[in-house]
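Asks: Got a predicted structure here, sequence first:
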Amino acid sequence: MDALIPKEDPPPDCGFSLVQYDPPKRALEESCSEVELSQEEAIINDIFPPKVWEDDEVQWEQRVNMGLVSRDAVLRTQESLILKLKQQSAREEGICQVRRELYAQCFEELIRQTLLNSLERGLLLLRVRDEFRLT
């Protein structure tokens with residue numbers, strides 16, 4: 001039974017993320033292209049690729065959460081953002097890389113949630129994010 005549960009969360013280089021992921025699962029031998037995915041799932045997997053790592057010669061995979069999004073999920077994201085800002089002592093004013101990174105993660109999570117509710121609206125948000133990063 002222990003072989004079905006990773007000893008640790010994704011490796012430290014994956015870091016914390018406000019983007020919601022499913023619990024880790026053993027990676028399947030077959031590639032994602034062989035698994036039947038809806039168009040929306042395929043797009044979301046392209047935008048938010050699965051986290052993959054190896055633990056005791058077992059390959060693990062953690063995919064972004066594809067579950068229905070509710071108002072409560074948005075509120076939990078907001079609470080997580082506020083908590084992480086306090087935990088990491090992000091500056092409230094001026095230039096702060098920590099605050100910038102956390103808000104970027106929050107925006108990624110909002111894009112994920114929007115993609116699940118409305119693919120077109122989510123893709124537009126993704127385009128806005130990409131344009132903002134270029135400027």
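Replies: Received the coordinates, thanks. Numbers count the residues shown, from 1 in each chain.
Asks: low-scoring stretches of the chain, by residue?
Replies: Where the chain drops to pLDDT under 70, the residues are 1-15, 29-35.
Asks: In it, what residue spans correspond to helices?
Replies: For the chain, the helices defined by DSSP state H occupy 39-47, 71-87, 97-117, 119-134.
Asks: check contacts around the closest residue to A90 other than its chain neighbours.
Replies: Once flanking residues are discounted, A90 sits nearest to R99: 3.9 Å by Cβ to Cβ, 6 or more residues apart in numbering. No exception for glycine: its C-beta is placed from N, CA and C like everyone else's. By Cβ atoms under 8 Å, 6 or more residues apart in numbering, the contact set of R99 is L85, A90, R91, E92.
Asks: Could you identify which of the helices of the chain is most buried?
Replies: Among the helices of the chain, ranked by average contacts under mean count of other Cβ atoms under 10 Å, first place goes to helix 97-117 (a mean of 18).
Asks: Nearest residue to the middle of this protein?
Replies: Residue closest to the average C-alpha location in the chain (Cα atoms, centre = their mean): V19, at 3.1 Å.
Asks: Would you check how far apart that one and E41 are?
Replies: V19 is 16 Å from E41, where distance means Cβ to Cβ, to the nearest Å.
Asks: Also Q87?
Replies: 32 Å.
Asks: ok, now E108?
Replies: 17 Å.
Asks: likewise L116?
Replies: Using Cβ to Cβ, one obtains 10 Å as the distance from L116 to E41.
Asks: Name the residues contacting each of these two.
Replies: Here L116 and E41 have M66 as joint contacts, going by Cβ under 8 Å, 6+ apart.
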